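Peer 1: take a look and give me a structure for this.
(2 chains)
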Amino acid sequence: MDVSSDLNFVECSPAVVIDKVSMTYRTTSRRHDSLEQKRSKSSRFRRLQRQTTSVRVPALKNISLVVGHGESVGVIGRNGSGKSTLLKIVCGQIPPTAGVVYASATPVMLGVNAALLPALSGDENIILGCLAMGMSHAEIDRKYDSIVDLSGLESAIHMPMKSYSSGMASRLRFSIAASIDPEILIIDEALNTGDAQFKDRTLNRMHELLDQASTVFLVSHSLSTVTQLCNRVVWLDDGELLFDGDPLDAVKAYRLFTQKFAAGDRIGAMKLRRRLIHDLEVADVLNRNDKRKSRALL
Amino acid sequence: MNVPQPTAVTTSVNLRRLKRVGARPSFLDYLVSLWDYRHFIYYDAKARVRTGNEQDKLGSAWLILSPLLNGLMFYFVMGILLHSGGKIKNFVAYLIIGVFLFQFTTRSINASSRAISSNRNVIHAFKFPRATLVIATNVRELLSNVPVIVTMLILIIILPPNEQISMRWLLLIPIIGLQLIFNLGFGLIMARLAARFNDANHILSYGMRAWMYLSCMFFSIDRFAGMPVVKSIMEHNPLYQVLFMARETLIYNATPSWRSWTILALWAFSMLAIGAIFFWKAEESYGREL
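Peer 2: Below you'll find the predicted structure:
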C-alpha cells in the first residue's frame, strides 16, 4: 500500500467512523474440491464421502470510511457484496471480526426484519417492539395511533401476527421500526415492501426521517432511489470498496460494470474493477486525541 | 498479475465525541439499563405465558398436568415397585413437593439456556440489554409456576394423610424467592454457554436429570446416615435445601433451620452475582450467529 504523504484533516468531529473493518463468516460447505483432490483421481463417490467441510467466507475486507454529519450515504453493489453485513456492523447487530466502528449517536436500523412474536396480536407486538426500543409507556401511548395508521392494518391489528400475509407483517414491522427519530439512520431495502398505497405512506415517513436524521446509510438496489436520496455513494464488490464519492459518477460506473457482466465480458468487468480500485482513495483513520500516534507524526 | 491497491489517505479525525458501536457498558450502567427495561421484561414474560401452550388442545392445563403425570410415574416406580420411600412419613406429599418444586428449576434453566438462541431475530431487530431476555424467561416461569404451586398445596391438603394449614406455610414464599434467584443466576451462565456452544443444551438435559436424582426427590437423606461426608455434601446442594425446607414447612410442621436458610441464600446470591458478571462479559457477542 503506497501511503500518500498528504494529511487529510476532518475539521468537525464526524458522525460515523468505520476503521479497517473486516468480517469473515464461518460456515460449512458440502463440497470442497481443492487442487490436490482434483489431481488425485479419486472417484466422485470418494470425494462426496468427505461431505461437509468448514469454510471461511470473507464478507468484508478491510473497509474504512469516514462519514460526516449531514451526509446520506447510499450503499450499492451486487448480491453478496457485503452491503447488508456492513450495515449490520455499523448498527452494532453483529461484531466485526476485525476493526472498529465509532459513532456519535446510537445508529438505528430501519428494516422490515424487525422480527416479533408471531403468536401475539399486532397491537401487542407494537407495544413489545416499542418497549424493546427503550420507549416508556407514555411515549408508546403517544405514538401508538400513528404506528397503526402507518401500518394501515386497521382491524387486523387485533389478530395474531402469524395470521398476517407477509406483506402485512413487513408493513407492521416497518411501522414499528419507523416510530423513533434516530440521529443516525440505517435503511436496508425498506422502501421496497408493500403495495402502491403503502409505498406512498412509507415514502412520506421516510422523507420525514431523512430530514430529521443527520446521517443516513441506505442500501438499495434501486439506483434511482439512491441518486434521489443520497449525496454520496459507496460501492462494495466482493467485500471490497470500489468507489466512494459522487452518486452520479458511481451509478454510471456501476451501470457499465453490470452491463459488462450481463454481456458475459468478465475480463472487461475485472479490468474496470481494477481501475476503480487503483483510482480509489481510502481513509487511513488517525485519532487526533491519541497522544502516542500524534507524537509519532511530529 | 499485480493486484491494484487503493491509495491510503491518512485522515485525522477527532474521536472524542464518538463511541464505539455496540460497546458493552460498564457493569453498573448495565444493571441500571436492566432496570430501565423492566416494563419490557414484564410485558414479554406475560405475553409468553399466555401464548406458551397455545398450540396444545388442553392449553395451559399442561402446566399442571405435566408435573402431575410425572409425580404419578415416580409414585408408581419408586413408591410401589421399589419401595424407596418406605420409612418416609407421608411419602405422597414428600414426592409431590419434590416433583413440583424441582420442575420449576428444570424448566427455568432449560428455557434460560435457550433464551438467546431462540430469540436471535429479536436480538437482531432491536438494541436492548440482552440479559433482559433471560430475566424475562425466569419471570415467565415464575408466573406460570403460580398455578402449579397452588395445585401442589391443594394436593397436599386433600390427599391422605391430610396436612394442617398453618401460618408457617407462608415461609414457602421466601423459599421459592431464593429458588428463583438461584435459577436466574444459573440460567444466565447457561444462556451464555449455549449461545456460544449449542451442545450445552444437550449436556444440560442430562445434568438436570442427574441433579434431580441427587436432590433426594424420592428418597430420604437418612439413607446416607452411615456416611457423614456424603451426607454433608448432599446437604450443601441448593436444590436439596429447597426441597428439604419446603417439606419441613409443609409436611413436618417445622421451621427450617438457620443453617438451611444460610446455605440456600449463599448459593442463590453468589450464583446471581457470578451469572450476571459472566453474562455481561459477552454482551457484545450475542448477535453473532453460530
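Peer 1: how about the helix or strand where A:Phe174 lies, which residues are buried there?
Peer 2: Using DSSP states H and E, A:Phe174 sits in helix A:166-177. Residues A:Met168, A:Ala169, A:Ser170, A:Arg171, A:Leu172, A:Arg173, A:Phe174, A:Ser175, A:Ile176, A:Ala177 are the ones in helix A:166-177 that count as buried (16 or more other Cβ atoms under 10 Å in any protein chain shown). Every residue, glycine included, has its C-beta placed from N, CA and C.
Peer 1: one more: stretch A:202-212?
Peer 2: Buried residues in stretch A:202-212 (16+ other Cβ under 10 Å): A:Thr202, A:Arg205, A:Met206, A:Leu209.
Peer 1: again, but for stretch B:228-240
Peer 2: Buried residues in stretch B:228-240, defined by neighbour count with 16+ other Cβ under 10 Å: B:Met234, B:Glu235, B:Asn237, B:Pro238, B:Leu239, B:Tyr240.
Peer 1: please name the residues that touch the first one.
Peer 2: Counting by Cβ atoms under 8 Å, 6 or more residues apart in numbering or on different chains, B:Met234 touches B:Leu214, B:Cys216, B:Ile221, B:Phe224, B:Tyr240.
Peer 1: quick check: which element contains it?
Peer 2: Short version, using DSSP H and E: B:Met234 is in helix B:228-235.
Peer 1: average pLDDT across the helix or strand following that helix?
Peer 2: Note on helix B:228-235: by DSSP H and E, the next helix or strand toward the C-terminus is helix B:238-250. Helix B:238-250 carries an average pLDDT of 92.
Peer 1: pull the CA atoms of the next helix or strand after helix B:238-250 into CSV?
Peer 2: With elements assigned by DSSP H and E, the helix or strand that comes after helix B:238-250 is helix B:258-281. Taking Å, rounded to 0.1, in the frame of the first residue of the first chain, the C-alpha atoms of helix B:258-281 are listed here in CSV:
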residue,chain,number,x,y,z
TRP,B,258,-30.9,-21.1,60.1
ARG,B,259,-28.3,-23.4,58.6
SER,B,260,-30.6,-24.3,55.7
TRP,B,261,-31.5,-20.7,55.1
THR,B,262,-27.9,-19.7,55.0
ILE,B,263,-26.8,-22.4,52.6
LEU,B,264,-29.6,-21.6,50.2
ALA,B,265,-29.2,-17.8,50.4
LEU,B,266,-25.5,-18.0,49.9
TRP,B,267,-25.9,-20.2,46.9
ALA,B,268,-28.7,-18.0,45.4
PHE,B,269,-27.0,-14.7,45.7
SER,B,270,-23.5,-15.8,44.8
MET,B,271,-24.9,-17.6,41.7
LEU,B,272,-26.8,-14.5,40.7
ALA,B,273,-23.6,-12.3,41.1
ILE,B,274,-21.4,-14.8,39.1
GLY,B,275,-24.1,-15.3,36.5
ALA,B,276,-24.7,-11.6,35.9
ILE,B,277,-21.0,-10.8,35.5
PHE,B,278,-20.4,-13.9,33.4
PHE,B,279,-23.3,-13.0,31.1
TRP,B,280,-22.4,-9.3,30.9
LYS,B,281,-18.8,-10.1,29.8
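Peer 1: got the contact list for helix B:258-281?
Peer 2: The contact list for helix B:258-281, computed with Cβ under 8 Å, 6+ apart, reads B:24, B:27, B:30-31, B:130-131, B:134, B:175, B:178-179, B:181-182, B:184-189, B:191-192, B:235-236, B:238, B:241-242, B:244-245, B:248.
Peer 1: buried only: go through the contacts of B:Met234 for me.
Peer 2: B:Cys216, B:Phe224, B:Tyr240.
Peer 1: these into CSV, with extra columns for distance to A:Ile187?
Peer 2: Formatted as CSV, the buried ones among the contacts of B:Met234 follow (distance: Cβ to Cβ, whole Å):
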residue, distance to A:Ile187
B:Cys216, 58
B:Phe224, 65
B:Tyr240, 55
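Peer 1: re earlier: closest to B:Leu72 out of the buried residues of stretch B:228-240?
Peer 2: The shortest gap between B:Leu72 and any of the buried residues of stretch B:228-240 belongs to B:Leu239, at 21.6 Å (Cβ to Cβ).
Peer 1: nearest residue to that closest one in space, please, no chain neighbours.
Peer 2: Counting by Cβ to Cβ, 6 or more residues apart in numbering or on different chains, B:Ser215 is the residue found nearest to B:Leu239 once chain neighbours are left out, at 4.5 Å.
Peer 1: center of chain A - which residue?
Peer 2: Centroid-nearest residue in chain A, with Cα atoms, centre = their mean: A:Leu87, separated by 3.0 Å.
Peer 1: the helix or strand containing that residue vs chain B: in contact?
Peer 2: Assignment of secondary structure by DSSP H and E places A:Leu87 within helix A:83-90. Yes: with Cβ under 8 Å from any Cβ of the partner chain as the criterion, chain B is reached by helix A:83-90 at A:Lys88, A:Ile89, A:Val90.
Peer 1: compare these and tell me which is most surrounded.
Peer 2: Highest neighbour count within these, by other Cβ atoms under 10 Å in any protein chain shown: A:Ile89, with 27 neighbours.
Peer 1: what's the nearest residue to that residue if we skip its chain neighbours?
Peer 2: When the adjacent residues along the chain are set aside, A:Ile89 lies closest to A:Pro96, with 4.9 Å between them (Cβ to Cβ, 6+ apart).
Peer 1: and of the residues of helix A:83-90 next to chain B, the nearest to A:Pro118?
Peer 2: A:Lys88 (22.6 Å).
Peer 1: please name the nearest non-neighbouring residue to that closest one.
Peer 2: A:Ile94 (5.0 Å).
Peer 1: can you report how many residues lie near the one you found?
Peer 2: 20.
Peer 1: what about it, which helix or strand?
Peer 2: Per DSSP H and E, there is no helix or strand for A:Ile94.
Peer 1: that one: what's it in contact with?
Peer 2: Applying Cβ under 8 Å, 6+ apart, we find A:Ile94 in contact with A:Met23, A:Thr85, A:Lys88, B:Gly287, B:Arg288, B:Glu289.
Peer 1: ok, residue 29 - how many residues close by?
Peer 2: With no chain named, the answer covers chain A. Neighbour tally, A:Ser29, other Cβ under 10 Å: 12.
Peer 1: correction: the question concerned chain B.
Peer 2: With other Cβ under 10 Å as criterion, B:Asp29 counts 11.
Peer 1: over to B:Asn198?
Peer 2: With other Cβ under 10 Å as criterion, B:Asn198 counts 13.
Peer 1: how about the secondary structure of B:Ala93?
Peer 2: helix (DSSP: H, G, I helix; E, B strand; the rest coil).
Peer 1: so how far is B:Leu81 from it?
Peer 2: In this view, B:Ala93 and B:Leu81 are 20 Å apart by Cβ to Cβ, to the nearest Å.
Peer 1: of those two, who's got more company?
Peer 2: Under the criterion of other Cβ under 10 Å, the comparison of B:Ala93 against B:Leu81 puts B:Ala93 first, with 23 against 9.
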